[in-house]
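Sharing a sequence plus its predicted fold:
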Amino acid sequence: MKKIYILAASIGLLSVSLNANAQIKLSDIFKKVTEKQGTTTATGATGTPSTLEIGQGIKEALQIGVSAGADRLSVKDGFLGNLAVKILMPPEAQKVEKTLRGIGLNKLCDNVIVSLNRAAEDAATEAKPIFISAIKQMTLTDATNILLGNNNAATDYFKRVTTSQLMEKFSPIVSTSLNKVNATKYYSDLTTQYNRLPLVKPVNTNLTEYVTQKAIDGLFVEVAKEELKIRGNLSSRSSTLLQKVFGYADKKKI
């Protein structure tokens with residue numbers, strides 16, 4: 001009977017030993033697989049990207065950036081609620097605003113400012129297709145210059161190739177929007193009130209031209225923010241391609 005107990009105990013110890021060895025081997029295998037996967041991932045996100053990869057990476061990054069920037073501005077309060085791009089009274093009308101607020105016509109001034117920003121928000125919905133078209137037409141040389149250029153190289157590129165298109169596209173939209181949100185009426189009421197005051201110089205402003213330019217300026221401000229984000233914030237590089245391309249750019253600038 002004693003021999004049976006000893007034999008059973010020996011079998012139990014052998015089983016534990018075999019299980020332990022099996023776990024150790026499985027652990028080793030898992031570790032090697034994990035290390036191999038980590039190496040593969042790291043290799044995919046590092047190294048020198050090809051010219052084609054640079055082009056693809058820049059286009060991917062800019063499409064994400066301009067889409068985000070245009071979307072932020074095209075919603076209600078996209079301009080009005082953003083102090084960096086909020087459209088204020090035209091320069092020649094700022095004295096008008098100060099004078100009218102001084103005599104208690106704050107509501108009239110506020111109506112003008114709100115309506116100017118609403119018109120810009122309305123127009124901003126048309127910006128994305130223009131930017132996307134510019135990205136698609138970008139050459140590999142353009143992409144490389146943007147990648148290795150200064151922190152606002154992409155924004156400068158967009159200013160160069162899209163400003164005239166944006167002006168042409170935005171102008172009729174802004175004009176329609178100004179009437180739709182009563183900006184033209186409010187501004188006319190404001191200038192009429194001011195021009196009635198004694199000894200003042202009459203004020204006339206091309207509202208469509210002013211708001212169109214301000215809307216475009218605001219778009220470029222938002223595009224510049226997105227460009228800085230993807231250049232400087234590693235978490236914004238949401239794909240292996242972006243990590244590889246912008247990681248390469250980081251090393252080149254050291």
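Perfect, thanks for sending it.

quick one: buried residues of the helix or strand hosting Gln94?
Gln94 belongs to helix 94-102 when assigned by DSSP states H and E. Within helix 94-102, the residues that count as buried by 16 or more other Cβ atoms under 10 Å are 96-97, 100. Every residue, glycine included, has its C-beta placed from N, CA and C.

Now tabulate those residues in a markdown table and tack on distance to Asp250 and pLDDT.
Formatted as a markdown table, those follow (distance: Cβ to Cβ, whole Å; pLDDT from 0 to 100):
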| residue | distance to Asp250 | pLDDT |
| --- | --- | --- |
| Val96 | 50 | 86 |
| Glu97 | 46 | 90 |
| Leu100 | 52 | 87 |
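
all helices of the chain, in order?
Counting by DSSP state H, the chain has these helices, from start to end: 2-45, 51-73, 94-102, 106-124, 127-136, 140-148, 153-180, 183-195, 207-232, 240-253.

what's the spacing between Glu226 and Thr155?
Going from Glu226 to Thr155 by Cβ to Cβ, to the nearest Å gives 9 Å.

same question, Gly232
For Gly232, the distance to Thr155 - Cβ to Cβ - is 14 Å.

The two: which is more packed in?
Between Gly232 and Thr155, Thr155 has the larger neighbour count (other Cβ atoms under 10 Å), namely 25 against 11.

ok, the more buried one - contacts?
220, 223-224, 227 (Cβ atoms under 8 Å, 6 or more residues apart in numbering).

where's Glu209 relative to Ile216, distance?
Glu209 sits at a distance of 11 Å from Ile216 (criterion: Cβ to Cβ).

Got the phi and psi for Lys201?
Taking degrees, to the nearest 10, you get phi -90, psi 120 for the backbone angles of Lys201.

Next, count neighbours for it.
With other Cβ under 10 Å as criterion, Lys201 counts 9.

Next up, the contacts around the residue nearest to Asn111 when sequence neighbours are not counted.
Take Asn111 and drop its neighbours on the chain: the residue closest to it by Cβ to Cβ, 6 or more residues apart in numbering is Tyr186, 4.3 Å away. Taking Cβ under 8 Å, 6+ apart as the contact definition, Tyr186 lies against 108, 111-112, 115.

Out of these, who's the most crowded?
That'd be Val112 among the contacts of Tyr186, by other Cβ under 10 Å, with 29 neighbours.

Where does pLDDT dip in the stretch 51-200 of the chain?
Scanning the stretch 51-200 of the chain for pLDDT under 70 picks out no residues.

So Lys180 sits against Ala123, correct?
No. Contact criterion Cβ atoms under 8 Å: Lys180 and Ala123 do not qualify, at 11.2 Å.

Those two: which is more packed in?
Taking other Cβ under 10 Å, Lys180 and Ala123 do not tie; Ala123 has more neighbours (29 against 13).

shouldn't that one be in contact with Thr212?
Yes. Ala123 is in contact with Thr212 according to Cβ under 8 Å; the separation is 7.3 Å.

Spit out the residues that contact these two alike.
170, 174.

residues touching Pro202, list them.
Per Cβ under 8 Å, 6+ apart, neighbours of Pro202: 191, 195.

Do you know the pLDDT at it?
At Pro202, the pLDDT value in this model is 80.

Tell me the spacing between it and Ile130.
Taking Cβ to Cβ, one finds Pro202 at 36 Å from Ile130.

Compare Glu209 and Ile216 (neighbour count), which wins?
Neighbour tally, Glu209 and Ile216, criterion other Cβ under 10 Å: the higher count belongs to Ile216, 22 against 14.
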